[in-house]
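Chemist: Got a predicted structure plus its sequence, pasted below:
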Amino acid sequence: MLHIITEVMTMADKYAATYKFGNTVVHVVAPPPMTEERKKQILADFHHASWAVWNSLSDETKLRLNAEAEKDGQRRII
């Protein structure tokens, strides 16, 4: 089963940092504090979701993407 994680900051939440460069204001958003166990679970969920997407592709699309990645010197996905 695929679980989608959504952790959204509300307008009341503070930014981790704010910088001003000329007329541009940059707000830096940091993830909420979490345990190492929670971080590992989030990464595992992303990993499973990525494989679910990959496995939903047709064989022709997978072969084409692998060929493009190999041509670009990227790691091949089998």
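Modeler: Done, it's in.
Chemist: rest of the way, CA atoms for contacts and neighbours
Modeler: Will do.
Chemist: How many neighbouring residues does the residue nearest to residue 62 when sequence neighbours are not counted have?
Modeler: Computed as CA to CA, 6 or more residues apart in numbering, the closest residue to residue 62 that is not its neighbour in sequence is residue 54, at 7.7 Å. Residue crowding around residue 54 was assessed by other CA atoms under 10 Å; the count is 14.
Chemist: which SSE is residue 54 in?
Modeler: For residue 54, the enclosing helix or strand under DSSP states H and E is helix 36-56.
Chemist: Averaged pLDDT, the helix or strand immediately after that helix in the chain. What do you get?
Modeler: Scanning the chain past helix 36-56 towards its C-terminal end, the next helix or strand to appear is helix 59-71 (assignment: DSSP H and E). Computed over helix 59-71, the mean pLDDT rounds to 92.
Chemist: again, but for stretch 36-50
Modeler: Taken as a whole, stretch 36-50 carries a mean pLDDT of 95.
Chemist: Relative to residue 66, how far out is the most centrally placed residue in the chain?
Modeler: For the chain, residue 46 is the residue whose C-alpha lies nearest the centre (CA atoms, centre = their mean; 6.9 Å). Remark: distance between residue 46 and residue 66 (CA to CA, to the nearest Å) = 21 Å.
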